[in-house]
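# A predicted structure for the sequence below; I have some questions about it.
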Amino acid sequence: MKRALRQLAIVLALALVPALVSGAIQVQWNSETPTSHGEVTLAMIHNWGDKVLWVDARTRSKYDHAHIPGAILLNEDEWDSLISPFLDAWDPDVPVVVYCDGGSCDASHAVADRLRKEYPQVTKLHVLKGGWSAWSGK
């Protein structure tokens, strides 16, 4: 009887290993794959390392109050005056992540869409899912 239980435990353990590996791969894939809208999560960005160009699509007053360290301000209201500083900071080898307030804020998608349209050479372009709220925890 002990031998049968031990064999059953071994068989169950052997069956469990592929399931765990498959689950780990799926979780890894899901956490590192941008959505169809180009949205990425903070977890995905942290896996990229330190090299990210943050673009704040919120208003100047919100940017002046608080923003992600090193972020460049680029919003549609001041596009003409802000695009040049963005292009100066842009590096084709570094991912660009645009954010706004989060939730129902569409400014980050609008800025990302405009960059895609007017500057198609900016290819590593993403939107932070959850925006400033995801970053600040608020």
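That came through fine. The shown structure was predicted, so the numbers you read here are calculated from the model rather than taken from an experiment.

# any regions of the protein where pLDDT drops low?
Within the chain, the ranges that satisfy pLDDT under 70 run 4-5, 7-9, 11-37.

# cutoff 50 now
The model of the chain has pLDDT under 50 over residues 21, 24-36.

# which residues does the most centrally placed residue in it contact?
In the chain, the residue lying closest to the centroid (Cα atoms, centre = their mean) is residue 40, at 2.5 Å. Contact partners of residue 40, counting by Cβ atoms under 8 Å, 6 or more residues apart in numbering, are 34, 97, 126, 127, 128, 129. Heads up, the C-betas are built off the backbone N, CA and C, glycines and all.

# and those, which of them are buried?
Among the contacts of residue 40, the ones that count as buried by 16 or more other Cβ atoms under 10 Å are 97, 126, 127, 128, 129.

# out of those residues, who's nearest residue 106?
Minimum separation from residue 106 among the buried ones among the contacts of residue 40 (Cβ to Cβ) is found for residue 127, which lies at 9.8 Å.

# does the closest one count as helix, strand or coil?
Judged by DSSP: H, G, I helix; E, B strand; the rest coil, the three-state class of residue 127 is strand.

# repeat that for residue 111.
Quick answer, by three-state DSSP: residue 111 is helix.

# burial measure for it, as a count.
25 (other Cβ atoms under 10 Å).

# ok, it touching residue 77?
No. Taking contacts as Cβ atoms under 8 Å, residue 111 lies outside contact range of residue 77: 10.6 Å.

# can you give me the buried ones in stretch 105-117?
Residues of stretch 105-117 classed as buried: 105, 107, 108, 109, 110, 111, 112, 113, 114, 115 (neighbour count, 16+ other Cβ under 10 Å).

# how far away from the center of its chain is that stretch?
Taking the mean of its C-alpha atoms, stretch 105-117 sits 14 Å from the chain's own mean (Cα atoms, centre = their mean, to the nearest Å).

# stretch 111-121 too?
Per Cα atoms, centre = their mean, the centroid offset for stretch 111-121 relative to its chain is 17 Å.

# kindly report the same for stretch 83-102.
13 Å.
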